[in-house]
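**Student:** how would this look folded up:
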Amino acid sequence: MVHTAAGQSSQWSWRPDPGQTTGSVSITANRRTIEYAASPNKVTSPTSGQTLPPRTIRLLPTDAPPGSAAQRSRAAVTMSRVAPGEIFNSAAIAPDGRTLYFCTQRNASQPSGGTIVLRGYDIATGVTSVLRNFGPGGCLLGASGNDLLVGHGLGLQGHAQRLARYDAATGKSTPVPVPRPWDEVPASIPW
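**Tutor:** Numbers count the residues shown, from 1 in each chain. Next up, the predicted model:
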């Protein structure tokens, strides 16, 4: 983390378990907490003998001393909070640090298979709630104030790739024009 105005920097090492990547990184407006989502980057069969680590959204205080990010952070959300078989997509912390937003994708064998589910996790109470369902495909999140920018429909041939502005205060979602194909968009959409 680099504070551009003060010129100060901090870093924490992250040595993922084999087969694990960081799915998203975001920070609160007061720059006190970093959210990062650690998730498996491949799927293994039950017979492979390899056990991948759980998909987890972690919170790291920016005033934590240098060291291991895993040791200095805490697990806030694990995929045990959602339906079995759902796939984790993306996460973002609200600027005020009170809510973690994350997307999961319903298992294809479930009703509404492939649907993206936007969820909110209240950090103070530990309660997770379903906020809205979007169409099939991957998901990217970016948080600003009470608004969440949700990119969905990623990676699916024949499906429109879309952006939506979700108002966390009202629960209403409005479409946003997509300026270019999603395959040109990076792994996060900060705004």
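
**Student:** quick check: Ala70 is in a helix.
**Tutor:** Yes. Judged by DSSP: H, G, I helix; E, B strand; the rest coil, Ala70 forms part of a helix.

**Student:** that one reaches Trp14, doesn't it?
**Tutor:** Yes. In this structure, Ala70 is within contact of Trp14 by C-beta atoms under 8 Å, at 7.0 Å. For glycine as for every other residue, the C-beta is placed from the backbone atoms N, C-alpha and C.

**Student:** more neighbours, those two?
**Tutor:** Higher neighbour count among Ala70 and Trp14: Ala70, with 19 against 15, using other C-beta atoms under 10 Å.

**Student:** and that one, how far from Ala38?
**Tutor:** Computed with C-beta to C-beta, to the nearest Å, the distance linking Ala70 and Ala38 is 8 Å.

**Student:** can you list residues touching both of these two?
**Tutor:** Contact with both Ala70 and Ala38 is made by residues Arg58, according to C-beta atoms under 8 Å, 6 or more residues apart in numbering.

**Student:** Thr99 pairs with what?
**Tutor:** When assigned by DSSP bridges, Thr99 has beta-bridge partners Asp122.

**Student:** I'd say it and Arg119 touch.
**Tutor:** No. Judged on C-beta under 8 Å, Thr99 makes no contact with Arg119 at a distance of 10.0 Å.

**Student:** what is the helix or strand of the chain with the lowest mean pLDDT packed up against?
**Tutor:** Least confident helix or strand of the chain, by mean pLDDT, DSSP states H and E, is strand 2-3 with a mean of 74. On a contact count with 3 or more C-beta pairs under 8 Å, 6 or more residues apart in numbering; DSSP states H and E, strand 2-3 meets strand 8-9.

**Student:** the helix or strand just after the strand it packs on packs against which elements?
**Tutor:** Proceeding N to C from strand 8-9, the next assigned helix or strand is strand 12-13, under DSSP states H and E. Applying 3+ C-beta pairs under 8 Å, 6+ apart, we find strand 12-13 packed against strand 67-68, helix 69-72.
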